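> Need the 3D shape of this:
(2 chains)
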2 protein chains.
Amino acid sequence: MAEPRELLVHELRDILYAEKKLEQVLPKLVEEATDSGLRAGFEEHLEETREHIENLQQAFEALGETARGQTCPGIDGITTEHEEFVEKHNATPEVLDLFLIGAGSRVEHYEIAAYTGMVRLAESLGEDVCIDLLTENLEDERAALAKLEAAARRLGTARAPAGAR
Amino acid sequence: MAEPRELLVHELRDILYAEKKLEQVLPKLVEEATDSGLRAGFEEHLEETREHIENLQQAFEALGETARGQTCPGIDGITTEHEEFVEKHNATPEVLDLFLIGAGSRVEHYEIAAYTGMVRLAESLGEDVCIDLLTENLEDERAALAKLEAAARRLGTARAPAGAR
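Reported below is the predicted structural model:
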């Protein structure tokens, strides 16, 4: 691989696979979450994830490349962590909500890393259509992470020792 | 699992495994990177990673728990992405440096997600020693990510089309 453009296409395939995987996983998180704000956040992010997939398809088109995903071991690993925890630990609703915030944050952080790098690659290549589409996805991921962090603060403060509030 | 404290211990085991894995992987990144600033950043972060492992061992001690890691599929997936790319794509030094910035950013983001959640859990439990140790690690990960992003800007700008500079 000699061209940064090929790396951008490689990264697009990686994140297309990741977004499609999340489209499958987010409905499980909606079911598992007890806190209504957390559940609503996952539901909303499922809708956004579908838009992200469309944006990615347009980004491939703008580059004249076929839109296809390729296995992304990073997101597979993060979603495996979630599956294993749910299967093994028989967590109470309170603990499961806290765990799901952590799992969701790991996903959002993974995507923020990926989109940040892709936006920068697209910038260095002057690929303006890609820059806009990928920046839109990046901003949604950042907003989704901020919502998860707000939920964490809310749920954490509710049970913090009085002195720590 | 009924107690947030058990979740904190679970998360500590996950990240101890991750840090130990990175202690093995970072020397490869040092070898593979061509840009001297990027290489120095990976070297410095290897030293920090060893300090993070010590901090984690102290955090286990503060909680009265045995310091042991447990397989973290998230970090395994992210490091597998790196291995597969290097094996399959025969990248030029320029493309490999750009890829390594992306791989390193994914690792830092994973750790930021993990430590942010653990600091919040420790806060809700009033575990002050853990809060300090984990915050120290979190701040190092944030600083390491900022350095990777600076390297990306530097390398990206060097090849951006004139109009995009």
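> what's near enough to touch the closest residue to chain B within chain A?
Relative to chain B, the nearest point of chain A is residue A:77 (2.3 Å; CB to the nearest CB). C-beta here means a position set from N, CA and C on the backbone, and glycine is covered the same way. The contact partners of residue A:77, taken as CB atoms under 8 Å, 6 or more residues apart in numbering or on different chains, are B:72, B:73, B:74, B:75, B:76, B:77, B:78, B:80.
> quick one, phi psi at the nearest residue to it once chain neighbours are set aside?
Among residues not flanking residue A:77 along the chain, residue B:77 sits closest, at 2.3 Å (CB to CB, 6 or more residues apart in numbering or on different chains). Per-residue torsions, residue B:77: phi -60, psi -40 (degrees, to the nearest 10).
> What segments of chain A are helices?
With helices called from DSSP state H, chain A shows them at A:4-32, A:36-62, A:73-89, A:93-125, A:128-159.
> Report the separation between the residue of chain A closest to chain B and residue A:152.
22 Å (CB to CB, to the nearest Å).
> With residue A:79 instead?
20 Å.
> And for residue A:137?
Going from residue A:137 to residue A:152 by CB to CB gives 23 Å.
> again with residue A:132
Distance of residue A:132 to residue A:152, given as CB to CB: 31 Å.
> Kindly report the same for residue A:10.
33 Å.
> ok, these two, which is more surrounded?
Shown here are residue A:10 and residue A:152; by other CB atoms under 10 Å in any protein chain shown, residue A:152 has more neighbours (22 against 19).
> Quickly note the distance from that one to residue B:145.
20 Å.
> what's the average pLDDT for stretch A:155-165?
Per-region confidence: stretch A:155-165 scores 64 on mean pLDDT.
> again with stretch A:72-84
For stretch A:72-84, mean pLDDT rounds to 97.
> Verify the stated contact: residue A:96 with residue A:34.
Yes. Contact criterion CB atoms under 8 Å: residue A:96 and residue A:34 qualify, at 7.0 Å.
> So these two - more neighbours on which side?
residue A:96 (21 against 13).
> residue contacts, the more buried one?
By CB under 8 Å, 6+ apart, the neighbours of residue A:96 are A:32, A:33, A:34, A:86.
> And the pLDDT for the residue lying closest to the second one once chain neighbours are set aside?
Leaving aside its sequence neighbours, residue A:33 sits nearest to residue A:39 (CB to CB, 6+ apart; 4.2 Å). Here, the pLDDT recorded for residue A:39 equals 96.
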